[in-house]
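J.: Quick check, what structure comes out for this input:
(one chain, ligands or ions: 1)
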Amino acid sequence: MIVAIDGPAGTGKSSTSKAVAAQLGLSYLDTGAQYRAITWWMVNNGIDIDDPAAIAAAAGKPEIVSGTDPQAPTISVDGVDVAGPIRTQEVSAKVSAVSAVPEVRARITELQRSIAASAANGVVVEGRDIGTTVLPDADLKIFLTASPEARAARRSGELKGADVHSTREALIKRDAADSSRKTSPLAKADDAVEVDTTELTLAQVIECVVTLVEEKR
Ligand code: C5P
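T.: Prediction:
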């Protein structure tokens, strides 16, 4: 059972994906964390984020390892646990530029496919291009949406009191960059089920997705 969950930032993808995977005994893969991890490495190694050729040349260097237990997912780069550092505003502001570089996408996509192929019980994979590009044969594809206001409110709550207005601006900017890039942009697959989470609680979204998975089993 392969479940692809895509959508913009702040729609509840991570919370939903983790809970659904835990409830159904599936593995969980946060592909955004992988793009954040490679971005963190680029920043730490002095790679100019405005230079796609430099990013492309370095794309193969860091070793990125994702732990796929939905109860305790992990992410490391060259053996260093980066779960905390990848969530900074700096990484959030730079990740779209790094993830738009085709060499970065090719590398991370290959990693994602091999993780999905080795997940014995199946996997919930969350991201932006999972249903369209990474796993086009997924058994179930979900595309989560929510109004920009709802997304900003949720994200600023997670960031413990960050200003809602600036969070909203940063999210809109990141989504625009992710949606307009040439290589596998953020997009809904034709065969994805769209779930608008604006008026739903997290528990309702989880229930909705669990029901959709069980219908496919
Ligand atoms: O999901 P999260 O907000 O952590 O993703 C961070 C960034 O990683 C996105 O804004 C996007 O630039 C990139 N990303 C991507 N493709 C994916 C997942 C994330 O380009 N499948």
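J.: Going by C-alpha atoms from here, please, whenever you check contacts or count neighbours.
T.: Fine.
J.: distance between stretch 49-61 and the chain's centre?
T.: 21 Å (CA atoms, centre = their mean, to the nearest Å).
J.: got it, and stretch 200-210?
T.: The answer for stretch 200-210 is 18 Å, by CA atoms, centre = their mean.
J.: List the buried residues for that stretch?
T.: Of all the residues in stretch 200-210, those buried under the rule 16 or more other CA atoms under 10 Å are 202, 205, 206, 209, 210.
J.: Please apply the same query to stretch 67-82.
T.: 68, 69, 70, 74, 75, 76, 77, 82.
J.: Could you pick out which of the buried residues of stretch 200-210 are located in helices?
T.: 202, 205, 206, 209, 210 (DSSP state H).
J.: From the buried residues of stretch 67-82, pick the one nearest the ligand.
T.: residue 75 (11.9 Å; CA to the nearest ligand atom).
J.: Tell me the strands beside the one helix or strand that closest one maps to, with direction?
T.: Here residue 75, judged by DSSP states H and E, is contained in strand 74-77. Using DSSP bridges, strand 74-77 pairs in its sheet with strand 64-67 (antiparallel), strand 80-81 (antiparallel).
J.: Now residue 135. Its backbone dihedrals?
T.: Main-chain dihedrals, residue 135, degrees, to the nearest 10: phi -130, psi 70.
J.: Pretty sure it sits against residue 111.
T.: No: contact criterion CA atoms under 8 Å: residue 135 and residue 111 do not qualify, at 11.9 Å.
J.: Could you give the separation of the helix or strand bottoming out on mean pLDDT in the chain from the chain centroid?
T.: Using mean pLDDT, DSSP states H and E, helix 148-158 stands out as the lowest-scoring helix or strand of the chain, at a mean of 87. Relative to its parent chain, helix 148-158 has a centroid offset of 16 Å by CA atoms, centre = their mean.
J.: go on, stretch 33-41?
T.: 11 Å.
J.: And stretch 9-22, by the same measure?
T.: Counting by CA atoms, centre = their mean, stretch 9-22 comes out at 10 Å from the chain centroid.
J.: now check it, is it near the ligand?
T.: Yes: residues of stretch 9-22 contacting the ligand under CA under 6 Å from any ligand atom: residue 9.
J.: list the buried ones in that stretch?
T.: Neighbour-count burial for stretch 9-22 [16+ other CA under 10 Å]: 9-14, 16-22.
J.: which other residues reach it?
T.: Residues from elsewhere that reach stretch 9-22, judged by CA atoms under 8 Å, 6 or more residues apart in numbering: 5-7, 27-28, 30, 70-71, 123-127, 144-146, 150-152, 154-155, 171, 175, 197-198, 202, 205-206, 209-210.
J.: ok, which of those also contact the ligand?
T.: residue 127.
J.: ok, of the contacts of stretch 9-22, which come out buried?
T.: Using 16+ other CA under 10 Å, the buried ones in the contacts of stretch 9-22 are 5-7, 27-28, 30, 70, 123-127, 144-146, 150-152, 154-155, 171, 175, 197-198, 202, 205-206, 209-210.
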